[in-house]
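Q: this is a predicted model, with the sequence first.
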Amino acid sequence: MSDEKAQRVDDALSSLVDILIPILPDEDEVIADERHDDALDLARSIIENHGTPAVVSDVNHAADLIKKKLLRENDSPDKTVQFSNLYARLLTQPVLSQKWSILYLLHQLADSNPEEDDPTPDTVRRPDSRGTGLGSPSDGQVFKDAFASAGLPRLPHEKAQPKTRSGSEAPAERRSQGRDSKKPVTAQDGGTENIDATGPTESTLLRELPFTLQGLSSTNLHFSSLTTLDLPRTLPLPIVSLLHTLAEPSLLYRSLSEFVESRDEGLIGQSLRSAISSELRSYLGLIATLEGEIRRAITSLNGNEAQGLVGKAGVTLKRCVIWTREATMGLRLMSLMVEESNSRKGGQLISMIHRFATSHGDPFVGAFAERMLSHVTRPFYDMLRQWIYDGELSDPYHEFFVIEQDSPDSAEDPRRAPATSVWEEKYKLDEGMIPSIVTEKFARKVFLIGKSLNFIRYGCGDSAWVEAYCKEASRELRYGDTATLETSIDKAYKATMARLIYLMDDKFQLFEHLNALKRYLLLGQGDFIALLMESLSTNLDRPAGSQYRHTLTAQLEHAIRGSNAQFDPPDILRRLDARLTEMEKGDTGWDVFTLEYKVDAPVDVIITPWANRQYLKIFNLLWRVKRVEFALGSTWRRCMTGARGVLAVIDANMSRDWKTARCAIAEMIHFVNQLQYYILFEVIEASWDQLHSSIHKQDCTLDDLIEAHTKYLIAITHKGLLGSTRHNSTTGHREDIFTAQLHELLKIMLAYKEAVDGLYSFSVAEFTRRQELSAKIETRTAQGKWGLTEKDEEDLNSPKFFSKQQSSNSAGEGSDSPFPISGLSLTASTDDAMLPALRKRLTDLSADFKTRINNLLGDLIVQPDVDMKFLAVVMNFNDVYTPKKRRREGHRGEKKTPGQGGGETSKAGSRTVSAAEQSGNGKEKEKEKENGKPVGGGGGAIGAATKLAEKKVVVK
């Protein structure tokens, strides 16, 4: 351990001697080595002969000596108190083991006089200074200057020689290492070859330093490239180290100057260059001040440079390093910003600089980044001010977080159309360009303000208000003034949204249009819909090709004038129109008729073409249900009226048929009523209340209106049995769950209505035949003849039919009755063939209806929506149905409806049944249209039996 310590001391002494002993010019290397060994021996002797102090090694005693000295030399006890604090901290350091030696050394150094000519103790005998270079007065002055507190007054000289000493190897090796360290130093290991052996003095380097700090080459400090500074070879290592430190700001300044002079296509990028240029000008101001200090220091020397007064003049290289330290840090930060700004622009560039201000712990770095942001963000705040006060986007280089789209693509979303591009498609929010100095919520509010102002100006045509608002509210925005910025944004947001909602409500009557859509297309105006259906029923029973728009329009105007719709504003009524959809072969007027409500800009931003299609779907479903209700209602009224007249005197076997038919019709009417109640009240009215509360809430925006209206339509289409789909494993496609089922159920009800009409016609015909027979019998009896003869019985049982003229001719030829029985249009054989066909048709339709009701209820029960489950409960409140929990895919086991082939009839009764079958075939087409058109059914001719039911029979 002692040998290792001695080796370390010897190495330290050798390095110290290498630094302090000057190398004389033109001196032989052997002589130089001898001088070096003599100086090293002198240093060893000083250390070895230094005796042990005549004091006790007590750390507290050494501390007391220092305290006494401080109290003796200072009037104030502040120094003593400060030393006590430092002494207490020293005692807590476990690493330092020789605390007394440290304190005693400091005390002795404080008592020594640095101005003495002989710095060594008198007790130490100097060895012969014959070859040391310290014996002459001038050499002694050099030795004293080496230990002076102000530093070297002038730089020593050295001359590298390749010769080596033949003596001791270890000192020569250490000296060669010391000389090797004095080779020329450059930023990239570059240098010059031909250099004067006499190195530049510190004053010379100080004189050239301002040029170097500005990136300019000088005599001794030359820039060979943009990133290389060549240093003289003859400089000692401490000076090289200082120049290395001073070379960093020089090279950074050169690279930053080149960056500032470059061009950038971006306002914020140009602002960054301007901010860096401003900082570089401040840096040049510091260099100018430093140059003035250097000139005054050199001038004050008055040519006494050799006397070692450069340090005493107040300017040294080390002090220059300290003076330029903060400037160097600033240049370093700007260089980092420049490197990271290559792939960024706009808000990304601001976020990069802001990251230095918020995520760095150094206060200097944070303050510097904040100062840079105050310059860099000026273009951003100019664009922000123009956007939130004018509604105009002034961003030629796409640096703002709002971007303008050239051509909107409406195919991406069917809810959008070119008419709504001013609001939906013109501007987009680019989240990647949102700077970190603002939050995403703040950016969305800013985006909405500017978009609303732009929509008010161009979509609503209210540019005068926008200009007046801009003149009144516009103010300058700048970085750091957060309170003013937030206040301005909040005021602009409230004013813009209030004006936009006012325009949509008052000027463009948005809420009136929504209410009109609900009353007319969603069948909310009951008297109008009832009158319209009653007036159109006759026309819509005809084929679709025979429908004319002017006829439908006339009936629509008649329904308006005959209902409370006539009191609506004329602007609302003129938008309501009747039109025909696309026709297909076999369509009736019921299939192609629909109502249309037209809206103009800017209301079409909310009531989009997609919304119109949703309204059309709902109207077609409700119109179809309303038509079935109208048809079943007319049949029910006819049955109830006939029950008190014609049907009261029918046979007992037909009474059972009518009881079954009335129960089935009541069941269908219950289903239709519950379905209408559910859609109109549970779905539409409940969703309307939610829409009304959403559009009238405080701080409502146009985006909120659009979203609320979209949710409203989605709710009424989904809950209204129009939007639920599922995957069909057979076809591999998604299919509608409820629309097809409702379509089939409504067709079955219309077919059943026609069958009941046929049964009613048959009953009336039977009643008429019996009344005629009774009248003829009474007439014959009154004439004293037989009521029925054998010929009459044969005619009643004959399958042939004769006209009244033929009957009268046969009566004139010899018959005893002027009203022959053969004149009746129906015979007993006709009754026997027709009634079973009607019974089979009614039975099949009723069974098919119940089967499909069970399937529908089974699908409703498993729906997650509570309202749909409630519909299933209401329709089956008494458990008369048995819902099927899972509907089978590709169900084909159900019976065909009579309209598709409803039993065979006899030849005699083929006329009445075939008419009903033809009507059923015309109404029960298997098709599913995308817009939900109603499928035809009732309203057509029901055959000869129906015409017979219209006759009035008077019995005397």
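A: Sure thing, it's come through.

Q: from Thr710, how far out is Met868?
A: 21 Å (Cβ to Cβ, to the nearest Å). In this view, the C-beta of every residue, glycine as well, is placed from N, C-alpha and C.

Q: higher neighbour count, those two?
A: For Met868 versus Thr710, neighbours defined as other Cβ atoms under 10 Å are more numerous around Met868 (22 against 16).

Q: tell me where the stretch 251-400 of the chain has helices.
A: In the stretch 251-400 of the chain, the segments counted as helices under DSSP state H, counting those that start in this stretch are 267-301, 317-323, 325-340, 347-359, 363-376, 378-390.

Q: out of these, indicate the one that is most buried.
A: When those are scored by mean count of other Cβ atoms under 10 Å, the highest mean neighbour count falls to helix 378-390 (a mean of 21).

Q: for whichever helix or strand comes after that helix, give the mean pLDDT please.
A: Following helix 378-390 in sequence order, the next helix or strand is strand 402-404 (DSSP states H and E). Mean pLDDT, strand 402-404: 91.

Q: tabulate the helices of the stretch 251-400 of the chain (CSV), appending distance to Ser488 and mean pLDDT.
A: Below are the helices of the stretch 251-400 of the chain laid out as CSV (distance: least, Cβ to Cβ, whole Å; pLDDT from 0 to 100):
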stretch, distance to Ser488, mean pLDDT
helix 267-301, 21, 90
helix 317-323, 43, 91
helix 325-340, 29, 93
helix 347-359, 19, 92
helix 363-376, 18, 92
helix 378-390, 7, 93
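
Q: any chance of those helices in a markdown table, plus distance to Val446?
A: Shown next, in a markdown table, are these (distance: least, Cβ to Cβ, whole Å):
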| stretch | distance to Val446 |
| --- | --- |
| helix 267-301 | 17 |
| helix 317-323 | 45 |
| helix 325-340 | 26 |
| helix 347-359 | 12 |
| helix 363-376 | 18 |
| helix 378-390 | 6 |
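
Q: those helices: which one's closest to Leu860?
A: Closest approach to Leu860 among the helices of the stretch 251-400 of the chain (Cβ to Cβ): helix 378-390, 50.7 Å.

Q: how far does the closest one sit from the chain's center?
A: Remark: helix 378-390 is offset 22 Å from the chain centroid, using Cα atoms, centre = their mean, to the nearest Å.

Q: ditto for stretch 343-361
A: For stretch 343-361 - counting by Cα atoms, centre = their mean - the centre lies 22 Å from the chain centre.

Q: average pLDDT across stretch 870-877?
A: Per-residue scores along stretch 870-877 average to 88.

Q: all numbers from here: first residue = 43
A: Sure thing, new numbering starts at 43, so read that last one as stretch 912-919.

Q: how far away from the center of its chain is it?
A: On the basis of Cα atoms, centre = their mean, stretch 912-919 is displaced by 41 Å from the centre of the chain it belongs to.

Q: same question, stretch 296-303
A: Relative to the chain's own centre, stretch 296-303 is displaced by 39 Å; criterion: Cα atoms, centre = their mean.

Q: and if you look at stretch 472-488?
A: Chain-centre distance of stretch 472-488: 11 Å, with Cα atoms, centre = their mean.

Q: please list the outside residues in contact with that stretch.
A: Residues from elsewhere that reach stretch 472-488 (Cβ atoms under 8 Å, 6 or more residues apart in numbering): 388-390, 392-393, 396-397, 400, 415, 419, 422, 426, 429-430, 441-445, 471, 521, 531, 535.

Q: got the end-to-end distance for that stretch?
A: The first and last residues of stretch 472-488 sit 12 Å apart, counting by Cα to Cα, to the nearest Å.

Q: could you do stretch 89-107 as well?
A: In stretch 89-107, first residue to last residue: 24 Å (Cα to Cα).

Q: helices or strands up against the helix or strand hosting Lys659?
A: Using DSSP H and E, Lys659 sits in helix 651-685. For helix 651-685, the elements it packs on are helix 568-582, strand 635-639, helix 694-719, helix 744-761, helix 781-824, judged by 3 or more Cβ pairs under 8 Å, 6 or more residues apart in numbering; DSSP states H and E.

Q: for the first one, which positions count as buried?
A: By neighbour count, and taking 16 or more other Cβ atoms under 10 Å as the criterion, the buried residues in helix 568-582 are 570-575, 577-579, 581-582.

Q: check which residues of the host helix or strand of Thr122 are buried.
A: Take DSSP H and E as the rule and Thr122 turns out to sit in helix 120-133. Using 16+ other Cβ under 10 Å as the test for burial, helix 120-133 gives 121-122, 125, 129.

Q: same thing with stretch 877-893?
A: For stretch 877-893, burial by neighbour count (16+ other Cβ under 10 Å) applies to 877, 879-888, 890-893.

Q: returning to what we had before: list the contacts of the helix holding Thr122.
A: Identification of contacts with helix 120-133 by Cβ under 8 Å, 6+ apart yields 101, 105, 108-109, 112-113, 116, 138, 141, 144.

Q: mind doing that once more with 6 Å?
A: 105, 109, 112-113 (Cβ atoms under 6 Å, 6 or more residues apart in numbering).

Q: what ranges do the helices span in the stretch 493-642 of the chain?
A: 505-515, 524-544, 552-558, 568-582, 591-603, 612-615, 631-634.

Q: to Ala757, which of those helices lies closest?
A: Minimum separation from Ala757 across the helices of the stretch 493-642 of the chain (Cβ to Cβ) falls at helix 552-558, 14.3 Å.

Q: so how far is that closest one off the chain centroid?
A: For helix 552-558 - counting by Cα atoms, centre = their mean - the centre lies 30 Å from the chain centre.

Q: same check on stretch 249-261?
A: Centroid separation between stretch 249-261 and its chain, computed with Cα atoms, centre = their mean, is 55 Å.

Q: C-alpha coordinates for that stretch, CSV please?
A: The C-alpha trace of stretch 249-261 is given here as CSV (Å, rounded to 0.1, in the frame of the first residue of the first chain):
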residue,chain,number,x,y,z
ARG,A,249,-7.3,39.6,-29.0
GLU,A,250,-8.4,37.1,-31.6
LEU,A,251,-11.1,35.5,-29.4
PRO,A,252,-14.0,37.8,-30.5
PHE,A,253,-13.5,36.9,-34.1
THR,A,254,-13.4,33.2,-33.3
LEU,A,255,-16.6,33.5,-31.3
GLN,A,256,-18.3,35.0,-34.3
GLY,A,257,-17.2,32.1,-36.5
LEU,A,258,-14.5,34.1,-38.3
SER,A,259,-11.0,32.8,-38.8
SER,A,260,-8.0,34.6,-37.4
THR,A,261,-4.2,34.3,-37.5
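
Q: no more questions from me, cheers.
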